[in-house]
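Asks: kindly generate the corresponding structure for this input.
(chains A and B)
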Amino acid sequence: MIRALIPLLIFLGLGALFAVGLTKDPSKLPSELINQPVPVFSLTELYDAKKEIDETIFKGRVSLLNVFGSWCTACLVEHPLLMRAAARKDVLIIGMDWRDRREDGQAWLEQHGNPYSEIIFDEASELAIKLGVTGAPESFIIDKAGYIRYKHTGIITSEIWHQKLLPLIETLKVE
Amino acid sequence: MRFLYAIFFALLLCGSAVAQLSNTEINAKTREVSRALRCVVCQNQSIDESDAPLAADMRRLVRRQISEGKSEDEVIAYMRQTYGDYVLLKPPVQRNTFLLWFAPLLLLLGVLIWFIRASKIQED
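Replies: Numbering: from 1, shown residues only, chains lettered A, B, ... in the order given. From the prediction side, this is the model:
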């Protein structure tokens, strides 16, 4: 009698494994850098090839680092939200123009608006690889001490912004 | 005088060859490391095989670190720091991968036990 139940038990066991396994999104990777300081880097500003930017720009203020590029179509979707957030002064938004050409990045911002207070120009994925970036858009919330506290992969929807990112930003501001 | 110059440059070349890896060595090591690293945007290719721009940048970084004299393991460890275990194409044997590595063995053992018992019953 019990032996007859074995196939059923195996089936249920596999079913449970697949139920958990298949709902996990394999494209979502964990960020190894949560609660780690922003890695040391030295790049230039998108608008000024002579102006150097390094990790110290994240010190002393809460910021949102947003990875974008003129080639990135998904970035256009979240762009209006970033524009509104910048206009409301919700948080300081620092951009990272990734794998782009300077003139293309600038033209893109000209066309769609510029929500960024500063823009790191990362042509050859120098900072992108240090941050474990796998695609754009990708956003990091960085605290006053310059530590990465949250990573969001993909488009920031209004829901994610108001329910997750903004509340976290507000708590970090008073930290 | 020309002879002296020749000796001087020859020595200079020797000196730099000793201090640095040769180009072929760098290439070989870069390829070896690149084959072990997953292209994080394509998921099932190594950065050696992938045409993705990010994979190209990662290859360049691997090459730079190798030519700076870092060992293969050091370069892989560096990538693992930012992209996690995910960047390794071959999962390391550690606590959370025990089941992955040893499940086939367990399964084989189970089948073997089942087989032996079944054949015993038949004998009886």
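Asks: nearest residue to residue A:66 other than its sequence neighbours?
Replies: residue A:139 (4.9 Å; CB to CB, 6 or more residues apart in numbering or on different chains). Placement of C-beta: from N, CA and C, glycine included.
Asks: confidence score at that neighbour?
Replies: At residue A:139, the pLDDT value in this model is 95.
Asks: doesn't it belong to a strand?
Replies: Yes. Counting by DSSP: H, G, I helix; E, B strand; the rest coil, residue A:139 is part of a strand.
Asks: look up how far residue A:152 lies from it.
Replies: Counting by CB to CB, to the nearest Å, the gap from residue A:139 to residue A:152 is 5 Å.
Asks: list the residues that contact both of those two?
Replies: Taking CB atoms under 8 Å, 6 or more residues apart in numbering or on different chains as the contact rule, residue A:139 and residue A:152 both touch residue A:165.
Asks: those two: who's more crowded?
Replies: Set side by side, residue A:139 and residue A:152 show more neighbours around residue A:139, with 24 against 20, by other CB atoms under 10 Å in any protein chain shown.
Asks: okay but that one is in contact with residue A:68, surely?
Replies: No. Using CB atoms under 8 Å as the test, residue A:139 is too far from residue A:68 to be in contact (9.4 Å).
Asks: for residue B:88, give me its contacts.
Replies: B:36-38, B:76, B:80.
Asks: by residue count, tell me the biggest helix in the chain.
Replies: Picked chain A for this. Across chain A, the longest stretch assigned as helix under DSSP state H is helix A:2-21.
Asks: I was after chain B.
Replies: Chain B, longest helix under DSSP H: helix B:98-123.
Asks: pLDDT averaged over that one - what is it?
Replies: 89.
Asks: now look at that helix and say if it contacts chain A.
Replies: No. Helix B:98-123 lies apart from chain A when judged by CB under 8 Å from any CB of the partner chain; the minimum separation is 10.0 Å.
Asks: packing partners of that helix?
Replies: Using 3 or more CB pairs under 8 Å, 6 or more residues apart in numbering or on different chains; DSSP states H and E, no helix or strand is in contact with helix B:98-123.
Asks: now do the helices in the chain.
Replies: Chain wasn't specified; assuming chain A. According to DSSP H, the helices that chain A contains are A:2-21, A:73-87, A:102-112, A:126-130, A:158-160, A:166-174.
Asks: that's the wrong chain, I meant chain B
Replies: Under DSSP H, chain B gives helices at B:2-19, B:23-36, B:53-67, B:72-83, B:98-123.
Asks: just those: most buried one?
Replies: helix B:53-67 (a mean of 20; mean count of other CB atoms under 10 Å in any protein chain shown).
Asks: for chain A, give me its nearest residue in chain B.
Replies: Minimum separation of chain B from chain A (CB to the nearest CB) falls at residue B:57, amounting to 3.6 Å.
Asks: which non-adjacent residue is nearest that residue?
Replies: Closest to residue B:57 by CB to CB, 6+ apart is residue A:125, at 3.6 Å.
Asks: that older thread, residues touching the residue nearest to residue A:66, list them.
Replies: For residue A:139, the contacting residues are A:64-67, A:151-152, A:156, A:165, by CB under 8 Å, 6+ apart.
Asks: for the most centrally placed residue in chain B, report the pLDDT, please.
Replies: Residue closest to the average C-alpha location in chain B (CA atoms, centre = their mean): residue B:36, at 2.9 Å. pLDDT recorded at residue B:36 is 91.
Asks: that one reaches residue B:76, doesn't it?
Replies: Yes. With contact defined as CB under 8 Å, residue B:36 counts as touching residue B:76 (6.2 Å).
Asks: how does chain B divide into domains?
Replies: B:2-90, B:93-124 (automatic domain parsing).
Asks: lowest mean pLDDT across those, which one is that?
Replies: Mean pLDDT values for the domains of chain B show the minimum at domain B:2-90, a mean of 83.
Asks: pull the distance from it to the chain's centre.
Replies: 11 Å (CA atoms, centre = their mean, to the nearest Å).
Asks: make sure residue A:142 is actually in contact with residue A:65.
Replies: Yes. Applying CB under 8 Å as the test, residue A:142 and residue A:65 come out as touching, 6.0 Å apart.
Asks: got any residues that touch both of those two?
Replies: The contact lists of residue A:142 and residue A:65 share A:38, A:58, where a contact means CB under 8 Å, 6+ apart.
Asks: before we move on, back to that, OK, contacts around the residue of chain B closest to chain A?
Replies: Neighbouring residues of residue B:57 by CB under 8 Å, 6+ apart: A:99, A:124-125, A:128-129.
Asks: please repeat the previous calculation with a cut-off of 10 Å.
Replies: The contact partners of residue B:57, by CB atoms under 10 Å, 6 or more residues apart in numbering or on different chains, come to A:98-99, A:122-126, A:128-129, B:47.
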